[in-house]
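[1] only the shape, not the letters, is given here:
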């Protein structure tokens, strides 16, 4: 996205608190060594600032990003539009608090959806609400919301509409559409390589095998579907693998493929052979793999606690939303798509996802410039 912004006349610099995504390493949730195989730093200026944390790396801890050099640079930087991705680390929090003091236009782009935030209870939440509403948010000029639920979060804090700017969560739509075109005549070859017949159906899951993603809900739904000509491909890795393998073995599910970790350069092959994409998470703030699959014009089925559910799915048109944790409901929705052909496709997945693009981000950021 930063590269795209530079190419479209928004001079962009990225300030990083860590280089973990570039150098690669053990992803604790995947449980394997991960180094992305697509370029992450091409086409834009970037700086990695020394992290003074005592944590071994960036974690969920507020104090795992302490970058004093970035705070110093904030005061040297000419007046700019500053976009901070959340307030959950000390570095981010300080930049949001101090940016206006230096004369910058301060924006925050946090992906938290209101429906997930509403599930959190207790005195800590009340303290957090007070701190955000009366201490942090008054120091922010604009709130760059990624979708409907994220916008509702800011409205809960009485943020005025004139301070809300739509900057959707996006992937490189053009790259995925090009890969779709490139792979269009290779479907049968890819299926054959996986041992799948050309006329058989494929359900696709892409995500970590971890509790928050609820992959076993999909295995349960697939078992209920019980169709001998349908396959389930689960692209990912994680600490639930052994539990998933046990379920597959005990329920005699012979048409399930657990791929292990698949890097970005190969993921398009799986989208290209699938008939429906599923996300059954209980806490995904958005779910960018849904964006990717929709670039291949796939119908999608997501849980009602998936962050993008209100934005990317038009029930009965390009997919369905099912009750989180309800495998029977998921199985019904999958059966309708695969065999009932109930979707109207009045608006295609591909047409919907065009609005959730880098070009939309650039168009709306230009309003601030």
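    Received the coordinates, thanks. This one's a predicted model, so the numbers in the text were calculated from it and none came from an experiment. Residues are numbered from 1 along each chain as shown.

[2] what does stretch 163-173 rub up against?
    1, 4, 107, 109, 111, 140-147, 151, 154, 286, 288, 291-292, 295, 308, 311, 353-358, 360-361, 364-365, 367-368 (CB atoms under 8 Å, 6 or more residues apart in numbering). No exception for glycine: its C-beta is placed from N, CA and C like everyone else's.

[3] tell me how far that stretch is from the chain's mean position?
    12 Å (CA atoms, centre = their mean, to the nearest Å).

[4] buried residues, it. List them.
    For stretch 163-173, burial by neighbour count (16 or more other CB atoms under 10 Å) applies to 164-173.

[5] reformat those residues as TSV; add secondary structure.
    What follows is the buried residues of stretch 163-173, written out as TSV (DSSP: H, G, I helix; E, B strand; the rest coil):
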residue	secondary structure
164	strand
165	strand
166	strand
167	coil
168	coil
169	coil
170	coil
171	coil
172	coil
173	helix
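
[6] determine which two of those are furthest apart.
    For those, the maximum inter-member distance is 25.1 Å, found between 164 and 172 (CB to CB).

[7] who does residue 142 form a beta bridge with?
    residue 107 (DSSP bridges).

[8] just the strands in the protein please.
    Assigned by DSSP state E, the strands in the chain fall at 13-16, 25-27, 32-34, 45-48, 81-84, 105-108, 142-145, 164-166, 201-206, 230-235, 256-260, 276-279, 300-303, 319-322.

[9] mean pLDDT for these: which is lowest?
    Looking at those, the lowest mean pLDDT belongs to strand 25-27 (a mean of 61).

[10] about what we covered before: save the strands of the chain as JSON lines, and put in distance to residue 349 too.
    Converted to JSON lines, those look like this (distance: least, CB to CB, whole Å):
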{"stretch": "strand 13-16", "distance to residue 349": "30"}
{"stretch": "strand 25-27", "distance to residue 349": "29"}
{"stretch": "strand 32-34", "distance to residue 349": "28"}
{"stretch": "strand 45-48", "distance to residue 349": "33"}
{"stretch": "strand 81-84", "distance to residue 349": "28"}
{"stretch": "strand 105-108", "distance to residue 349": "29"}
{"stretch": "strand 142-145", "distance to residue 349": "22"}
{"stretch": "strand 164-166", "distance to residue 349": "20"}
{"stretch": "strand 201-206", "distance to residue 349": "13"}
{"stretch": "strand 230-235", "distance to residue 349": "18"}
{"stretch": "strand 256-260", "distance to residue 349": "23"}
{"stretch": "strand 276-279", "distance to residue 349": "9"}
{"stretch": "strand 300-303", "distance to residue 349": "7"}
{"stretch": "strand 319-322", "distance to residue 349": "7"}
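
[11] nearest to residue 186 among these would be which one?
    Across the strands of the chain, residue 186 has its closest neighbour in strand 201-206 (14.4 Å, CB to CB).

[12] from residue 271, how far off is the closest residue to residue 111 other than its chain neighbours?
    Using CB to CB, 6 or more residues apart in numbering and skipping the chain neighbours, the partner closest in space to residue 111 is residue 285 (4.2 Å). Relative to residue 271, residue 285 is positioned 21 Å away (CB to CB, to the nearest Å).

[13] give me the more crowded residue out of these two.
    Set residue 285 next to residue 271 and count neighbours by other CB atoms under 10 Å: residue 271 wins out with 23 against 20.

[14] care to break the protein down by domain?
    2-171+356-368, 173-353 (automatic domain parsing).

[15] first-to-last residue distance for the shortest one?
    To tie it back to what came earlier, the one meant is domain 173-353. End-to-end distance of domain 173-353 (CA to CA, to the nearest Å): 8 Å.
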